[in-house]
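Student: Pasting a predicted model and its sequence here:
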Number of protein chains: 2
Amino acid sequence: MWTIENDSIESISIGAGILGSGGGGNPYMGMLRAKEMIRKYGPVNVLSVNELSISDKIVCVGSIGAPTVGIEKIQGIESYYALRAIEKLLNFSATAVVSNEIGGSNSLEPIIPASISKIPIVDADGMGRAFPELQMKTFFVYGVPPVPMSIADDKGNVMIISQANDPKTVEDMARSITVQMGSVACYAFGPMDINQILNTAVLNTLTLSKNLGDIVRSSIKTNNNPIESILKVHSGKNLFEGKIVDLERKTIQGFTRGKVLIEGLSEYSGDRMEIEFQNENLIAKMNNTVVCLVPDLICIVDSEKGEPITTELLRYGFRVTVLGFPAPKHWTSEQGLKVVGPKAFGYDFDYSPLLFKELK
Amino acid sequence: MWTIENDSIESISIGAGILGSGGGGNPYMGMLRAKEMIRKYGPVNVLSVNELSISDKIVCVGSIGAPTVGIEKIQGIESYYALRAIEKLLNFSATAVVSNEIGGSNSLEPIIPASISKIPIVDADGMGRAFPELQMKTFFVYGVPPVPMSIADDKGNVMIISQANDPKTVEDMARSITVQMGSVACYAFGPMDINQILNTAVLNTLTLSKNLGDIVRSSIKTNNNPIESILKVHSGKNLFEGKIVDLERKTIQGFTRGKVLIEGLSEYSGDRMEIEFQNENLIAKMNNTVVCLVPDLICIVDSEKGEPITTELLRYGFRVTVLGFPAPKHWTSEQGLKVVGPKAFGYDFDYSPLLFKELK
C-alpha cells in the first residue's frame, strides 16, 4: 500500500501522460482536480491486487469525451455521481475503485470518488495505456460485463445503460449521451471482485506511472537526459526526434481526430515522421514506412523536459521526441487485437510488433 | 371497460391520427403493429379512470423519434422492453399502462406491452393530442417525475435516465439516445397511481379517438360528409380547404421539420394557408395571418374521406381540409403554455385561442 498525496499526483500525471499515448485526457487538468479533491477530502490509498480480499467490491470509473473539450469544460465530481448511481442501482457499497485506463487525467479520475467515499484505489487499470473507445478495455475483452454502466455529467444528470448487445453498442450509446452532456462525462461499472481484477486488468500501472513521473522530475532537477531516464524505467524505444511542422486536429463526434507531421532533427535530420491519432496516437510512419502501430504505445514527449504532450496540446514548433513501448500482453492476443488492433481503427493491415522485436 | 379488438384498432388509428395534429407517428404502421400483437397475445381491455383502484401501478409508455423514420424502420416490441426495464429497476409489476399521447401510432403503442403483459390500458393520455418533445406531457407539467425513464430499441438495448435536473434535460438525453438507436425508440416511466392520473392526465381520449374513427368510417360507408361528422363528435372548426402546392420537409436531429403550403379551393378559392410543423403542426397562417397556433390542434385531413394526413405523409397535390380544435385546458394554463405555448417552439408571440372564442 502507498498513499497518493500532492507530490505523487504530480508524478502520476507525468507518467500517465506518457503511458496515455497522447490520450487519456489532459494530465495537467487531471492533476489540478485530483489535488483539489485530496485537499478537500484527504489523501487516498493505493492497494496492490494482492492486498485485496475476496469480499472486495471494486468499481471501475473513468472519463469519456474529447480531450480538446476536456481542457475547456470545467469538470466536477461526475465520477462520484457515476459511482453512487451504480451503488444505488445494485444496492451495495464499493470498497475500492479502479481506473479504466492509465492514460492522462483518466489515471487520476478514481481519486475523486475514492477521496469522497474514503475508499482505496486498486493499482491496476483496464488498458495499460489509453484508448479512445469504451469497448477497448481488457475488462470487457476478458469477460467483465459492461452493463449496467452509469454515465453522469457535472450537473448530476445520470443515465444508465442497462442492456446492450455488446461492448461496442455500449460505446455508441455512451458516446452519444456524452456529446449531449457537453462532450465530457464520467462513467462507472461493476462491481468486480478480486478474481475479475486478476484475470482481466493490467496490474501495477499506477505504480509504473508514478515511477515514470518521478524519474522525469528528478532528471530535470539533476540535468540528466529525461528520455534516457524514461527508457530505463520502462522498456521501450526512442523512435524519432524533431520539430512539429504541420498539424491537423478536429473535434468530431465526441473525439479529437487528426495527424501531426514532425521534421527530423539531430540524428533524424532529413527524415519525417507522421503520426495519426483518434484521441490517442494510432500509427507512426517514418518517411512513409510504418514504424509503430496500435496497440503498441506511441508517446510524444517534450525533447528537453521529457514531459508528455497529449494530442490536444500538440502545437506547431514544439521540439518533440517520439517514444514507442510494447503493448501489454492483454492486447496482442487474438481477442485483444480484434478490439484494438490496426483493423479496429480502420487500417488495412495486421498488427506487427515492428520495432520491439529486439526488446523481447 | 371496453375491449380493443381489430375493429376498434382501425377506428382509434383514424381518430388518433386526427387528434395527433399531424404527429404521433404514422397511424397505419401503428395499426398494423397493434393488430399483430392482438392476434398473437389476445385483445386488450381499456379501463376508464374510475375503474382503477388505489393500488394500481400505471406505467406510461410511448414511442420517440422522427415520424419520417417511423414509416421506414421496422419496429418491434421496444415498448415492452422499456416497460420491463422500469419494472425490473424498481422491482414492481405494472397493473396497467397509459399512453403518453393520443396522437397517431403513439395512441396504440400501449397495446404492445399491454397485450404481452396481459394488463389493461387506461383511457387517458399525457397530451390530449401529440407534441414533438418529451417534456411536453401533462404528467410532468403537473408533477409526475420524469425519471427514472427507460429507453429501448428493437434489439433489446436499454438505457435508463436515472437523474435529470428537469424534464427538458430528459428530452435532450432521450433524443440523442434515440438518434443513436436509429431515430426511433420506445420509452417508459412510472409507476403512477390513480391520483396522479386523475390530477395530471387528459381523460377519456382513447374513447374519443375511437368515436372519431367510428364516425369517419361510417360517413364513408353512408356517403355522409366526413368533415361535418368529425365536428359533430369533437367541437372544432373547419379552418381551410385546398390543394397542397408546396412542401418542405427534413429529418433533422431526430425530428421531422418543415412547412406545407395549401392553395384554397371552393369557398377558400384565391386564399392560401401555410402550416409549419415540428413532427406536429404548430401554426397555421391564412394569407399571412395566424388563424390557429399551438397548443390548439391543427389537423390536416383528406377532404373526401376525412382520414388524417400526418406530417410525414403530406404530398404535393393532396386535396385536404384543415381542422382546428381547442387545446385541452391542461395546456392553456400558465404552466401549460410555458411548456407548449408558441414561445416554447420559438415563435415570438403569445398564445391566443384565436378562432375558438365562439366555441367556448
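Tutor: On my side now, so go ahead.
Student: So, low pLDDT: which residues of the stretch 1-150 of chain A?
Tutor: A:66-74 (pLDDT under 70).
Student: Just the pLDDT at residue A:358, thanks.
Tutor: Per-residue pLDDT puts residue A:358 at 54.
Student: make that residue A:354, sorry
Tutor: According to the predicted model, the pLDDT of residue A:354 comes to 72.
Student: Neighbours of it, how many?
Tutor: 16 (other CB atoms under 10 Å in any protein chain shown). Where C-beta positions appear, they are placed from N, C-alpha and C, glycine not excepted.
Student: residue contacts, it?
Tutor: Applying CB atoms under 8 Å, 6 or more residues apart in numbering or on different chains, we find residue A:354 in contact with A:290-293, A:296.
Student: filter the residues you listed to the buried ones?
Tutor: Using 16 or more other CB atoms under 10 Å in any protein chain shown as the burial test, the contacts of residue A:354 include A:291-293, A:296 as buried.
Student: Can you tell me which of the contacts of residue A:354 is nearest residue B:307?
Tutor: Residue B:307 has its nearest neighbour among those in residue A:293, at 60.4 Å by CB to CB.
Student: picking up where we left off before, columns distance to residue A:84 on top of the buried ones among the contacts of residue A:354, output as TSV?
Tutor: As requested, these are exported to TSV (distance: CB to CB, whole Å):
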residue	distance to residue A:84
A:291	45
A:292	40
A:293	39
A:296	37
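Student: closest to chain B among those residues?
Tutor: Closest to chain B out of the buried ones among the contacts of residue A:354 is residue A:293 (29.4 Å), distances taken as CB to the nearest CB.
Student: Point me to the helix or strand that includes the nearest residue to the closest one once chain neighbours are set aside.
Tutor: Leaving aside its sequence neighbours, residue A:293 sits nearest to residue A:283 (CB to CB, 6 or more residues apart in numbering or on different chains; 4.6 Å). Assigned by DSSP states H and E, residue A:283 falls within strand A:280-286.
Student: Return the residues of chain A in contact with chain B.
Tutor: A:81, A:85, A:89, A:150, A:152, A:155-165, A:169, A:172-173, A:175-177, A:179-181 (CB under 8 Å from any CB of the partner chain).
Student: Take those residues and keep only those in strands.
Tutor: Taking DSSP state E, the ones among the residues of chain A next to chain B that sit in strands are A:150, A:152, A:158-163.
Student: Provide the contact partners of the strand holding residue A:283 at residue level.
Tutor: Counting by CB under 8 Å, 6+ apart, A:20-24, A:103, A:129-132, A:239-240, A:271-276, A:290-294, A:298-300, A:311, A:322, A:324, A:342, A:345, A:347 sit against strand A:280-286.
Student: Kindly report the domain assignment for chain A.
Tutor: A:2-203, A:233-359 (automatic domain parsing).
Student: Quick check: which of those domains has the most neighbours on average?
Tutor: domain A:2-203 (a mean of 23; mean count of other CB atoms under 10 Å in any protein chain shown).
Student: And the helices in chain A, which stretches?
Tutor: Ranges of helices in chain A, per DSSP state H, are A:6-19, A:27-41, A:67-70, A:78-90, A:111-117, A:138-141, A:167-180, A:194-200, A:205-222, A:226-233, A:329-332, A:334-340.
Student: Would you mind confirming that residue A:53 is in contact with residue A:194?
Tutor: Yes - counting by CB atoms under 8 Å, residue A:53 does reach residue A:194; the two are 7.0 Å apart.
Student: For chain A, which residue occupies the most central location?
Tutor: Chain A has residue A:103 as the residue nearest its centroid, 2.1 Å off, counting by CA atoms, centre = their mean.
Student: and that one, what are its phi and psi?
Tutor: phi -90, psi 140 (degrees, to the nearest 10).
Student: How much space separates residue A:353 from chain B?
Tutor: For residue A:353, the distance to chain B (CB to the nearest CB, to the nearest Å) stands at 35 Å.
Student: how near is the residue lying closest to residue A:213 once chain neighbours are set aside to residue A:5?
Tutor: In space, and not counting its chain neighbours, residue A:213 is closest to residue A:11: 3.0 Å by CB to CB, 6+ apart. The spacing between residue A:11 and residue A:5, counted by CB to CB, to the nearest Å, is 10 Å.
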